[in-house]
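*Asks:* here are the coordinates; sequence isn't available:
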């Protein structure tokens with residue numbers, strides 16, 4: 001391959017690395033969002049459990065002047081918030097899966113470009129070796145031509 005192709009592969013490899021880094025950042029951001037949602041759900045569960053515990057204790061002592069209306073309203077609000085955060089969690093998990101797939105695809109593309117760049121480097125080494133061998137052969141042949149001799153025949157000679 002010529003130098004233009006080498007530069008093109010190097011540029012494509014750089015672009016693939018950049019794309020992989022972007023996919024990695026997006027995946028990490030989606031993961032943080034999912035973890036935040038899980039943390040909020042856990043906190044709301046704790047609040048709901050504490051609220052239910054307080055309501056049970058209040059029922060043992062007596063409903064009091066406020067009655068159970070405040071408990072029902074608060075329980076309804078907590079349950080609605082939990083349902084909303086669970087829907088967000090489902091969306092966050094779907095986003096995380098999508099970002100993971102993008103990251104895997106970007107890694108595969110980068111690895112393919114690295115493989116191509118490695119092959120190009122190997123081919124360049126082989127090509128350089130061939131050029132050096134050809135130059136040495138030409139130099140050897142030109143030295144024999146100056147001396148007026150023929151190159152030695154290769155192979156075995158048999159007497160007749």
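*Replies:* Alright, I've got the coordinates. Here the structure is a predicted model, which means the values were calculated and not measured.
*Asks:* the residue nearest the centre of the chain: which element?
*Replies:* The chain has residue 103 as the residue nearest its centroid, 3.5 Å off, counting by CA atoms, centre = their mean. Per DSSP states H and E, residue 103 falls inside helix 69-147.
*Asks:* packing partners for that helix?
*Replies:* Counting contacts by 3 or more CB pairs under 8 Å, 6 or more residues apart in numbering; DSSP states H and E, helix 69-147 is packed against helix 3-61. Every C-beta, even on glycine, is put in place using the N, C-alpha and C of the backbone.
*Asks:* ok now the helix it packs on, how far from the chain's centre?
*Replies:* Distance of helix 3-61 from its chain centroid, counting by CA atoms, centre = their mean, to the nearest Å, is 16 Å.
*Asks:* that helix vs helix 69-147, what angle?
*Replies:* Using axes from the mean of the first three to the mean of the last three CA atoms, to 10 degrees, the inter-axis angle of helix 3-61 relative to helix 69-147 is 160 degrees.
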